[in-house]
Every structure is written in structure tokens, then in C-alpha cells.
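Trainee: just the structure for this:
(chains A and B)
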Amino acid sequence: MSINFILVLNRQGKTRLVKWFNNNYTAGEKSRMISEIHRLVGSRDSKPQSNFVEYQQNKLVYRRYAGLYFISAIGPYDNELSYLESLHFFVEILDTYFDNVCELDLVLNFYKLYVVLDEIYLGGEIHQISKSRVLDRLTELEALA
Amino acid sequence: MAPQMKGLTQFIADLRNAKDTEEEQRRINLEINNIHSKFSGKVNSYDRKKYLCKLMYIYLLGYTDQVDVGVRESFQLLSSSNYSEKQLGYLAVQVLQPYRQGRVKDFLVTQMEQMHSILLRDLKSDSEPINCLAINHIASHYRVNDGTTIGQNDDTAPLWQELVDIIYSYCTSPISTPIIKSKAALALNSLLKVFPGLQNNWIPRLLTLLDNPDINVMTSSIPLVEMLITQEPRYIRSILPSISRRLYAIIVEQKCPEDFFYYNTPAPWLVIKLLQLLERLFVSQKPDGTPMLSIVDFDHTVLGELRAIVAQSIQNAGQPARGLPNRNSQSAILFQSVSLAVFLDASPDAIDGAVAALLGLIDSQDTNTKYLAIDALIKLTRRSTGLESRFDSRMPQIFQLLYDKDVSVRRKALDLICTVCHAETAPNIVGKLLDYFPYGDFSIKQELALKIAVVAETFATDTTWYVSTMLRLLSIGGGYNANGNSFISHEVWERIVQIVVNNEELQPKTTKLVVSLLKNPITRTNTDPKKAPPPPTGTPESLVKVAAVVLGEFCNTVDPEQSFRVLYDHYFKVSLVTRAMLLTTFLKYLVKFPDADFIADIVDLFEVETMSLDLEIQTRAHEYLMLATQPSQEFKRHVVRPLPVFVQEESPLYKRLGLDARRPGARANAVAAAAARGAVEAPNNVVNSGLTPGWQAGYSRMLHYDAGIFFENQLVKILYRIVKDHHQITYKFSVINNAGKSANTVINGFTLLSIDPQCDNINPSYVITTTESPDATISTKTSMEHVVKIRHIVENNQSPRMTITFTCGGSFNQLNLKIPVTLLRSLSSGGMQISLDEFNIRWSQIGSQLGPDAGERVTEATIPHRCNSSNIVRLLTRLGFAVVQGSPDDAMPIEVYGAGILNTSSSNYGLLCKLTSIGVDGKTFRIAVRCTGGGVAEIIADSLREVLMAQ
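Mentor: Numbers count the residues shown, from 1 in each chain, chains lettered A, B, ... in the order given. Okay, the predicted model is just below:
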């Protein structure tokens, strides 16, 4: 049970955040996967589609927020809805942290995104699950920077 | 949020405003030159961070080879004592130095060599946030999933070990804060995957992480716990109470700290992870192949709590939800609970209820729900036995899902169809799937073809049906798609060839069918008006391949001229690989029919192809042309020998699908038998999946007697003794080295490889445990002991198989033996004395209570030799009955009555039987059995029959 990678893409397929929890993909594999995933997810952009799609050995669980796809690649036995809600949890934290987040925030603060991510997902697993505690922690860390 | 770095913002804005990549590239080059010159002088902390951020941004844009200057600077940042510099330093290492190519191990080793001293210092720092930076880095940066590991003998092993030690102490130290503990648990999980081999005595302390009151700590430690339990399954029972107590508190008692509620759902992620952990343990196997966890591992309290948890979760899902996140969390818990429920409560009612509820959801408007309901049904069916037929009446509805708008749903539906398929529905389902094939979209076709092939093979009762079905599949399967991949994976057509080659009677049918399919491809008649017409398919390559092999071998069974023409016509329509195969086929035609009219065409073709640009084809053409012009027929025939039969136990298709070939329902398997038929005759074939010859004698003896010889051959002699104690039966074996007596040879590596109960493992009818393992080296003798606990009614075909391996004088030996574990074995009379009158009263009591249908069974058996009344009395006494002799020793008919109690741990049954001779020879007996347990009489009657016949 674990996440192989987390990916945030905009509708044009530009990567806004990517975190590989498996460090054994070559550079070529990574870029090929990202463009395949963009095509796959982008083509499913109409209503009666589920938020899940199989990709290679992974299940992709994704949801679109405005112009951004938040995608999590999970294992074949993992609980889809739980990881889908976990993405929502992540988005809500970003929304509070960046005070009404938009795509440009993610672009300009790309290096801070990883700090946020590390508090929610770590080593390919769900790490912290309390919204208030994550936000408190982020404020604490922010004060040190 | 801290202010942004202005220069960085400006740089990013410039790049975003770039009109084209050329301008972008220019701007980047400018910046890189700037950074180079800045870094060669003195830079302050702010600038260093800013430039590194710019470099990372450039890297993330895809300009990965221009940022080397950043690597040195990231180490500068890492050695700073300032938190924000360190933080950025770690990020820079992860972003700028990820694994890119080459051996993953080299990457890990290099990274560890560079980072070890920094990590060590930060882990030992007094600042908790700095500790966390290092732990985060370890958790994320060294995690790989391709199985790469660092061994204890690797040069860097001490470095890894040092980190493991420190992280372990963070996990277990009472003074670690919860945040450190939860991060450390995740880091240790990542670390141990790369550097396995944690000392076993460390495990119990780590498992107590599950008892940590902090919800984050518990959540984060679950992956680690799963890994540790897999490593040491004996600790499994120790974690069950912690899991169930926590789940019970959250779900049933609604006890959860306020800040862990997520939209009214208490700690959904913890709940799901815990439920999933239990499910994974039920599904996983120990190294010996037994399930990691089974229902008998639970005590009453824990099991009761878990059932309450599952029931409550299912009930919660019915409550009105507050918003989507709430509903999704409830559903997530629901589906997770349903997957677990099968293991906790195998009552057929509960499972029926779950099936019905889930079937109700597959028409849901919400696609997510639909998808997950299908998924849950698949799991449920795979994990229970005999559920398949519940779906028969719903097949049209399920088939409709193959046309769903969402390909994910279509794929799951296909999976469900194949899962619920059983022997009776298989022909129909395969037919329908073949009809569907042209409509299936590209991404699903390959899987569809494979599944059709597997279902057809699994359930085939008739080889002709199988072959014609498969050829039809190949015929509509078409050619190659744009990427050069066929929808039909090569395993599919190869399997058909294997089966045809191994079965003589199939050969003429197949050759005729292949020729006719190639001449007249199947035109689709079933055009569903609702659907768009299917895209046209190209030349059926795989069919041509089968034809190439099959006709080349067996062209004598069809008209050679006609079959040759068909193949020849296809030659230029197929890929180079197939053409190369066809060239060989033509050579075979040439050898077999030296006087036919088409020889000239073949020779011409060989000649033309000697000019081929393809090396393989050119080589073959050249060689075959030389051969064709050889005068000696004898020589040619030596070159073209018939194909030998294929020797392969398991179908490659199963492997491809990752399926277990021993799927229930697959027993009436004509194809497997057909595939094996040739193989058995093949020389050097020693594969025999059955029992070791000679097993039967010991097995029968065990049915009768409590001690004796179980098995004997030249090398070993196995004696047995059976001790009964109510529902517990102990089987003691002593193994004697037979070879030692004659040749003074020692038996080595004597291993009890497995002892497999053949009963259902979710709610097993009996449990077998090995209480004494044999010695590996036997100079004279050793002993082993198994204890069987009868839990409920044991069917007659559930006796366990024991596999033993050993070497003796250089030869490797394997014994597969069956040990009788039957319900009859649990019989005791408990010192009961019974008179004829009492017997008759009880006999009629059972009759009136249960009725003759449920309580009684009558059968007949013929004993190989003549018996008198006292023989039968002795026999029944030996089996454990209290016996009443109904007729004197020399009278006819013989009548003997027996009474006893069958003991199982769940309940006891009163058992009565009457043996009455039929006729005058004292050999044929009528066996009448009555028992207080419904359906038991039947089992016992059959057992008695088996015992009598084996007299």
C-alpha cells in the first residue's frame, strides 16, 4: 500500500509539481510517463467518467481543480476513494496556506510546495491526517525560514 | 507565508513571458552565465538560496544538463547551520540529483557516500526541525521499488546500518515527539526496503508503535508494521488487539480527537489503513504457502469487535452524508469493510447480502461508485467459493457495462465477467466476448483476447470447441496496430499450437478449419444497431502464424495444393517475422510433396527472397534454396523432422495473467489434459503432479488402523500412529532410513515441504499444525508429528497432502502422500454401552427429527473377501463405534449396528449405522447411516463405504 508518485499538471500538460516516491525511474521514463498520463487523464475530462484509471502497474486517482489535475499513482490494492480524498485534503491545505491558491502560486512558490507535501505525504505513504496540525506545523517551519 | 524572493519571481515571470523556446533558452543561458560568475565569487545566504531556486526551476523546466554548478552549492547550503538554508539544500539535492540512468544501486551508493556525514550530523542535532529534515530525506530519497538492495557485505553497509540504528532509536525512544516518531516510522520503512535485515529482536518494540495514542504515529507506522509482520509472521497475534481496539474506539464508540475529524468522519485514513492492513494479512502468505492470517488467529473479543466494526461501517455508509468529502470517506470505509467482511464472517447469508447490495450499486449514476462496486464484487467472488452462479441471472446487466462510457469501468466489467464465469456459463460467455471483441477499444483488446483465451482454456470440456473458439478469436483478432503490436499476445497462438501438436485427433480438424478461415474470413453478422460499426481489421497475423506451424506439420491431412495456395496468398500481406515462419512452412511442403505443381512457386519464392533486405529472411531463403536443389530426399527429410511434443506443465497464459492455475472450477479441464497428453508420453518426462505411486496402501491402512506402515520404498519407511482425543487427532510419524541398512547411506535435507489441507481456507473445516518437525539428516530414524483439529464438518475430499523432499546418495526425491483426515476419524464411543433396544429407539428418533432426507443415507459396498458377523464387529469397533451385534456369527443376513459421537470443535453429532449383508456370500453390504447433523450421514456413509471396499 503506497503511492508511487504525486503529480500536478495543468491542462496543457505542464508539470506544476511532481514528487517521485520511487527513485528508480530513469529521466526518460519520467518524462514519457508524464506525457502519457496527461494524454490519458486529459482525454477523460467529461462528466460520466470515474476518477480512477489504470496506468501500467498503477491505479491513477485524480481530480481536476480549476485548470489543474491533481494525480496520485497508487498500488493495485489501495483504496481509491481514500487517496482521492487525501488529494482533496492536500488541496485544502494548499488553499489555506497560500490563501486562496491559484496556479501561479504553485509556479512561483514551487520550492515551498515540497515543504507542504513532505508534511502530508512522506516516503510514499500518507503521513499527517489532521488539517489543523499540518497547518500549525507549516506555520512553525515558516517562522524558522 | 514568508515573502517571496523577488529576483526569482522576476526570473520566472520572464520565462513565462518568453514568446518561444528560443527566447526561453536565451534567457536561461544568460541566467546560467550570471549564476556561474556569482558563484565564483563570494555570495551571501539570500543570494545562494535565490540562485539555487533559479537552477531548480531551470531543471524542472526540463533543462536538466545545465545545472551542474548547483550541485556543489547545494552541499554548501547543507553544511550551514541555518534552518532555511539547510531546508533548501536538501530540496536541491533531491531535485538536482535524482536517479537518472544506470544502475539504481550505484545511485544509492553514491548518494549515501555523499550524504551520510551530513545526515548523521543533522539526525544528532538538538533542533527537532533539523532532525526532521534529515528523516524526511531518508524517507523519500532512498526509496526504490525495483528490488534493489544493499547487502550486508557491501562497502556502504556500515553507513546504512548506522542510519537504521539511529532511526530505530527515534521510533522507540520514549522522548521522541509524535511528529518525529511518525516520520521515523516512515523513514525506517523506506530504509529497510533498501537495506533489509533488521534484527528480529528489534521487531516487538517497533510493533508497539501501533499502541501509540497519537493518531498520526499510528497511521504512519502501519506500512512498517506490515513489512515487519511479513518478515516475522509469528508476531501477528500480538498486533491484532491493538488494531481492533483502535478501530472499535473510532468507529463504534466514536472516540477520536476533534482535530482528526475530516468532514464529520473520524480519522478516515487511519481507519482505512488499519482495515486494509488486516485484509492484506489475510491475503498474504507465509513462506510455506499458508495464509499469514486466518480466522483461528483471533480470540473471541477481537473477532467480536471486528465484526461490530464492519457492521457499523456498513451501516454508517447508509447515513446521509454531509457533502462529497464526507460521502467519499464513508464509501471508502464501506468498500474497505466489505473486502474484509469475507474473511471475518463466512456465513453464506452475510455474503449473499453483500453480493446483492453491491449488484444494486453497479447501475449507480455515480461512476466512482459503479467502478468500486464492480471491483468489490470481483474481490468477493475470488475470495469465496461457489459464488459464481449467483451472477448468472445478472449477466446481461454486467455485459452492458462493457459499453460504459468510462474505459476504467469497461475494464473492470471484463474482469468481473471472467471472474464469475463457471463451467456452465463459459461457452456462452466466451461467445459473447467474441461478439464484443470488434467493439472493444484499442486499449482493452489485448487484455480481452488474453482473457477469452484463458476462460476458454480453463473451462473447455471439449477440445474441438476450444480449438474452433480460439481460431475464431485469432481470425477476428486482426493484424498489428499502428505501433506494431498485435492485440493477440504471442502466448495465445503458441498455446493453440502446443495443444494441437500434442493431440493427434485434433490435427485434421484444425488444419481444415485454418484453411477455411483463411479463405473465408469471418464476416460479422451481429451488428448491434446501437453501436458504431467496428473498425475493419487487417490480415489476421496470429491465425497465419498458427497456420504456418500447423499446416507445415500436418499438411498431409488436407488438400496440399489448396492449403498451399491459401498460405502463399497471405505471404506478402504479413509481417517479416511471419514471412520467415512461412518460408519454413513452404520448405516442409517442398519436402513432403516433391512432385506437386506448387514446387516451382516455392523455389521461385526462395529465389526472390535471397534478395530480401531482411537478414533473417534472406538467410532462410538462401539456405532453403540450397536445400531445395539437393537431390537427396533422404537428406531433406532429416532436416525437416516432425515437431516433438511440448512438455510444459502449466499454461503460459496463466502466467501472463498472473493467475493461479488451480482456480476452482477448473478441474474439468479438457485442455490441460489435452496439453499434457502428449507430454506424458514424452521421454525424460518425470513431471507428475499427482501422488507418489504406492501412496494408496498407506492411506487405506490409515483409514482402518491407528498404527502401521504409511509408506515404504527402497530409501525410506514411514510408520504412523494415530492418537485421538475428541476433535483433536494427532498423527505421529517415524521415518526410518531404509537405505542405511543396505548401503549405509545417510538421508540428507529431509524436509517437510508442505502439508496442504484441501479444505477452504477462509473457514477451514480442520486445521493442521506440525508440532514436531523431522530432523534434516537421518542416519537411522527421525520423527514428526502433526495435530489436526476438526473444526466442523470435513468433506471426504479434503484430506491433506503432504510433500516431503530429501536427497539420498546423490538423488533428489520427492514424496507426495495423502493423509486421511475424515470426519469418521473423529468418532468416539466414549465407553458407551448400548443395547439393541436403545439403538432402535435412537434410530427412530433421528429419523423423526430430521426426516430421512436430511438425516439418513443408504449406500452399498462390496468387500473384496468374505466376512462374517464378528469381522464386521471388529471393523466397526476399530473405527470407534460402540457395537451391537444384531445377528449371531453364522447366521445370514449379517446385521451389525454401531453408535458413536462425532467430535468437532464447533459441535458434536450423534451417529448411528447399520450394516446389513445382501445376498449370501458375505461380501456385499447395505450401509445405512443416520446422524443428528444435517448432511453428515452422507459423508459418513461414503467414508464407511471407502473403508469397507479397502478391506
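Trainee: list the contacts of B:A950.
Mentor: Listed by CB atoms under 8 Å, 6 or more residues apart in numbering or on different chains, the contact partners of B:A950 are B:700, B:703-704. Yep, even glycine has a C-beta here, placed from its N, CA and C like the rest.
Trainee: that one and chain A, how far apart?
Mentor: Computed as CB to the nearest CB, to the nearest Å, the B:A950 to chain A distance reads 46 Å.
Trainee: and that residue, how far from B:L902?
Mentor: B:A950 sits 20 Å away from B:L902, going by CB to CB, to the nearest Å.
Trainee: nearest residue to B:F261 other than its sequence neighbours?
Mentor: B:A267 (7.5 Å; CB to CB, 6 or more residues apart in numbering or on different chains).
Trainee: and the pLDDT for that neighbour?
Mentor: Looking at B:A267, its pLDDT reads 95.
Trainee: can you pull the contacts of it?
Mentor: A:129, B:215, B:219, B:250, B:256, B:260-261.
Trainee: those in strands, which ones?
Mentor: B:F261 (DSSP state E).
Trainee: hmm, which of the contacts of B:A267 are the buried ones?
Mentor: The neighbour count (16 or more other CB atoms under 10 Å in any protein chain shown) marks A:129, B:215, B:219, B:250, B:256, B:260 as buried among the contacts of B:A267.
Trainee: what ranges does chain A have for its helices?
Mentor: A:27-42, A:80-97, A:103-108, A:110-120, A:131-144 (DSSP state H).
Trainee: mind giving me the packing neighbours of the shortest one?
Mentor: Spelled out, it's helix A:103-108. Counting by 3 or more CB pairs under 8 Å, 6 or more residues apart in numbering or on different chains; DSSP states H and E, the packing neighbours recorded for helix A:103-108 are strand A:15-20, helix B:6-17.
Trainee: is any residue of the first one near chain B?
Mentor: What it means is strand A:15-20. Yes: with CB under 8 Å from any CB of the partner chain as the criterion, chain B is reached by strand A:15-20 at A:15, A:19-20.
Trainee: compute the number of surrounding residues for B:A776.
Mentor: 12 (other CB atoms under 10 Å in any protein chain shown).
Trainee: for B:V735, see how far away it is.
Mentor: 11 Å.
Trainee: tell me the most buried of the helices and strands packed on helix A:103-108?
Mentor: Counting by mean count of other CB atoms under 10 Å in any protein chain shown, strand A:15-20 has the highest mean neighbour count of those, with a mean of 18.
Trainee: please tell me how far that strand is from the chain's geometric centre.
Mentor: Centroid separation between strand A:15-20 and its chain, computed with CA atoms, centre = their mean, to the nearest Å, is 7 Å.
Trainee: sheet-wise, list the partners of that strand with their directions.
Mentor: Paired with strand A:15-20 in the same sheet, following DSSP bridges, are strand A:3-10 (antiparallel).
Trainee: what does the strand it pairs with rub up against?
Mentor: Contacts for strand A:3-10 (CB under 8 Å, 6+ apart): A:15-22, A:34, A:37-38, A:41, A:58, A:67-75, A:83, A:103, A:106, A:117, A:121, A:124-126, B:145.
Trainee: can you rerun that using 7 Å?
Mentor: A:15-22, A:34, A:37-38, A:58, A:67-74, A:103, A:106, A:121, A:124 (CB atoms under 7 Å, 6 or more residues apart in numbering or on different chains).
Trainee: give the contact list for B:L543.
Mentor: So B:L543 contacts B:471, B:474-475, B:517-518 (CB under 7 Å, 6+ apart).
Trainee: B:I417 and B:R857, how far apart?
Mentor: Separation of B:I417 from B:R857 (CB to CB): 38 Å.
Trainee: and B:R27, by the same measure?
Mentor: 90 Å.
Trainee: so for the two, which residue has more residues nearby?
Mentor: B:R857 (23 against 16).
Trainee: what about the more buried one, which SS state?
Mentor: Following DSSP: H, G, I helix; E, B strand; the rest coil, B:R857 is assigned to strand.
Trainee: that one contacts B:A941, correct?
Mentor: Yes: contact criterion CB atoms under 7 Å: B:R857 and B:A941 qualify, at 4.0 Å.
Trainee: can you list the low-confidence ranges for the stretch 801-950 of chain B?
Mentor: B:809-812, B:852 (pLDDT under 70).
Trainee: which parts of it are strands?
Mentor: Secondary structure of the stretch 801-950 of chain B (DSSP state E, counting those that start in this stretch): strands at B:801-808, B:811-818, B:827-828, B:856-862, B:882-885, B:895-903, B:908-918, B:924-931.
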